[in-house]
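structure, please.
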Amino acid sequence: QVQLVESGGGLVQAGGSLRLSCVASGRTFSTYIMAWFRQAPGKDREFVAAISRTGGRPYYADTVKGRFTISMDNAKNTVYLQMNSLKPEDTAVFYCAAGSPLNVVFESQYEYWGRGTQVTVSS
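Numbers count the residues shown, from 1 in each chain. Here you go, the predicted structure:
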């Protein structure tokens with residue numbers, strides 16, 4: 001089993017920045033990909049960004065490309081999501097996910113999930 005705990009959410013004005021963190025514990029060696037998803041009120045959960053534990057280019061949703069940066073500190077078993085130039089439409093609960101998906105954008109292919117952290121962007 002792998003446990004994921006997110007932190008760093010909060011309320012920020014449009015144009016501001018936040019950094020989310022997700023600490024993984026347990027059998028982390030069994031998870032190849034770490035990712036962030038988000039779910040806005042009344043909407044389905046959607047892919048945001050993913051990164052491989054072994055390196056390689058991160059992958060981003062088009063809606064966040066150029067504004068968000070995903071990174072990983074393997075020594076700390078922590079994945080980060082730096083969010084800049086935030087917009088009101090970024091308001092959502094952000095979830096950390098871990099697993100070995102064949103396609104990183106499909107939430108059904110991730111085995112482990114955190115409980116989420118709320119991000120609210122005011123206009």
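
neighbours of Gln3, just the number please.
Neighbour count of Gln3, defined by other Cβ atoms under 10 Å: 13. For every residue, glycine as well, the C-beta is placed using N, CA and C.

which residues are in contact with it?
Gln3 makes contacts with Ala24, Ser25, Gly26, Tyr112, as judged by Cβ atoms under 8 Å, 6 or more residues apart in numbering.

list the residues that contact the third one.
By Cβ under 8 Å, 6+ apart, the residues touching Gly26 are Gln1, Val2, Gln3.

partners of the most centrally placed residue in the chain in the sheet?
Within the chain, one residue has its C-alpha closest to the average C-alpha position: by Cα atoms, centre = their mean, that is Trp36, at 2.0 Å. Beta bridges link Trp36 to Ala49, Cys96, judged by DSSP bridges.

check contacts around it.
Applying Cβ under 8 Å, 6+ apart to Trp36 gives the contacts Leu20, Cys22, Val48, Ala49, Ala50, Ile70, Val79, Leu81, Phe94, Tyr95, Cys96, Ala97.

kindly report the same for Pro88.
Counted by Cβ under 8 Å, 6+ apart, Pro88 has contacts Ala14, Val121, Ser122, Ser123.

could you identify the most distant pair in these?
Val121 and Ser123 (7.6 Å; Cβ to Cβ).

hey, what's in contact with both of the two?
Taking Cβ under 8 Å, 6+ apart as the contact rule, Val121 and Ser123 both touch Ala14, Pro88.

now do the helix or strand encompassing Ile70: everything it contacts.
Assigned by DSSP states H and E, Ile70 belongs to strand 68-73. Identification of contacts with strand 68-73 by Cβ under 8 Å, 6+ apart yields 34-36, 48-51, 53, 58, 60, 78-84.

cool, thanks, signing off.
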